[in-house]
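Novice: can you look at this prediction? I've put the sequence above it.
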Amino acid sequence: MAKSGIGRRRTAALRDHGEGYAQRRNEIIAAGAQVFRDKGFEASSLRDVAERLGTDRASLYYYVASKNELFQLVTQRAVTEVVVAAETVAAQEGDAESRLRTLITTTMEKYEAHFPYMFVYIQEDMNRIHSSSIDEVWARTMVELGRRFEEALMRILHDGGRDGSLAISHPHLAMNVIIGAVNWSHRWFTPGRGSTSKELGNQMADMLLTGFLARGQQDSSSSTA
């Protein structure tokens with residue numbers, strides 16, 4: 001299908017890497033993130049984004065082709081950084097307990113750094129969105145990123161099981177508990193209100209690790225308290 005005139009102009013502008021164009025596109029992405037977070041993907045429209053920016057919807061098409069593309073731009077960069085950070089932690093030297101704590105706190109810090117982009121992604125039903133008209137290549141990419149994060153976490157959990165530092169009889173269940181705890185923070189965590197993401201990450205790690213530490217380590221910790 002041939003591109004429209006505005007589509008050709010958008011492609012040319014992206015190719016030219018103009019500073020002003022990039023800045024305005026980033027403003028649109030930021031506004032889109034706020035709208036998606038407030039209203040959800042299905043209920044949002046480019047008209048809502050335009051109103052947030054104080055402009056008209058037609059002007060947005062010079063920067064993004066559709067609501068679907070805007071959602072992709074909002075989420076993929078942030079999710080990729082979270083996954084790469086998790087893989088880096090999993091590959092580090094050191095005991096599984098320390099790496100698991102670092103993964104939890106690092107993930108929370110990334111959520112804060114990419115607020116509200118990560119939370120926009122987390123709050124949506126990705127299975128429903130993936131089955132809609134959103135680009136299939138993007139959808140597969142996001143599924144693969146999710147798989148990579150799970151593999152990084154599972155690597156740490158298996159290492160802890162092998163060296164005896166973590167008492168985990170069901171690693172897959174433990175993985176889901178950790179991911180669920182961290183992801184649920186989209187319901188209650190807002191940067192700048194209360195504890196920092198690093199403080200919250202450490203507090204969450206304390207609570208989770210209490211259940212995962214091998215019995216000998218728990219007894220040792222209790223005796224030194």
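Specialist: Received it, and whenever you're ready, just let me know what you need. Since this is a predicted model, take the numbers as computed values, not measurements.

Novice: centre of the chain to the longest helix that the chain contains, how far?
Specialist: In the chain, with assignment by DSSP state H, the single longest helix is helix 136-163. Relative to its chain's centre, helix 136-163 lies at 13 Å (CA atoms, centre = their mean, to the nearest Å).

Novice: ok, residues contacting the next helix or strand after that helix?
Specialist: In the C-terminal direction, the helix or strand that comes right after helix 136-163 (DSSP states H and E) is helix 171-183. With CB atoms under 8 Å, 6 or more residues apart in numbering as the contact definition, helix 171-183 has outside contacts at 100, 104, 107-108, 111, 122, 149-150, 153-154, 157-158, 161, 168, 204, 208, 212. (C-beta placed from N, C-alpha, C; glycine too.)

Novice: buried stuff in helix 171-183?
Specialist: Using 16 or more other CB atoms under 10 Å as the test for burial, helix 171-183 gives 171, 174-175, 178-179, 182-183.

Novice: list the helices and strands the helix or strand following it packs on?
Specialist: Scanning forward in sequence from helix 171-183 by DSSP H and E, the next helix or strand is helix 197-212. Packing partners of helix 197-212 (3 or more CB pairs under 8 Å, 6 or more residues apart in numbering; DSSP states H and E): helix 96-113, helix 171-183.

Novice: what's in contact with the longest one?
Specialist: It refers to helix 96-113. 78, 81-82, 85-86, 89-90, 92, 118-119, 152-153, 156-157, 159-160, 163, 165-166, 178, 182, 185-186, 189, 191, 196-198, 200-202, 204-205, 208-209, 212-213, 217.

Novice: pull out the buried positions in that helix.
Specialist: For helix 96-113, by 16+ other CB under 10 Å, it's 96-112.

Novice: got a list of contacts for the helix or strand following that helix?
Specialist: As assigned by DSSP H and E, the chain's next helix or strand after helix 96-113 is helix 117-123. With contacts defined as CB under 8 Å, 6+ apart, helix 117-123 is touched by 33, 36-37, 40, 71, 74-75, 77-79, 82, 110-111, 142, 183, 186.

Novice: how far off centre is helix 117-123?
Specialist: Taking mean C-alpha positions (CA atoms, centre = their mean), helix 117-123 and its chain are 6 Å apart.

Novice: buried stuff in it?
Specialist: In helix 117-123, counting by 16+ other CB under 10 Å, buried: 117-122.

Novice: turn the residues you listed into CSV, columns for distance to Gln23 and pLDDT.
Specialist: Compiled in CSV, the buried residues of helix 117-123 are given as follows (distance: CB to CB, whole Å; pLDDT from 0 to 100):
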residue, distance to Gln23, pLDDT
Tyr117, 17, 76
Met118, 22, 82
Phe119, 24, 80
Val120, 21, 77
Tyr121, 23, 79
Ile122, 27, 81
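
Novice: quick check, nearest of the residues you listed to Glu51?
Specialist: Val120 (17.9 Å; CB to CB).

Novice: how far away is the closest one from Ala78?
Specialist: 8 Å (CB to CB, to the nearest Å).

Novice: which among the contacts of helix 96-113 end up buried?
Specialist: 78, 82, 85-86, 89-90, 118-119, 152-153, 156-157, 159-160, 165-166, 178, 182, 185-186, 189, 197, 200-201, 204-205, 208-209, 212-213, 217.
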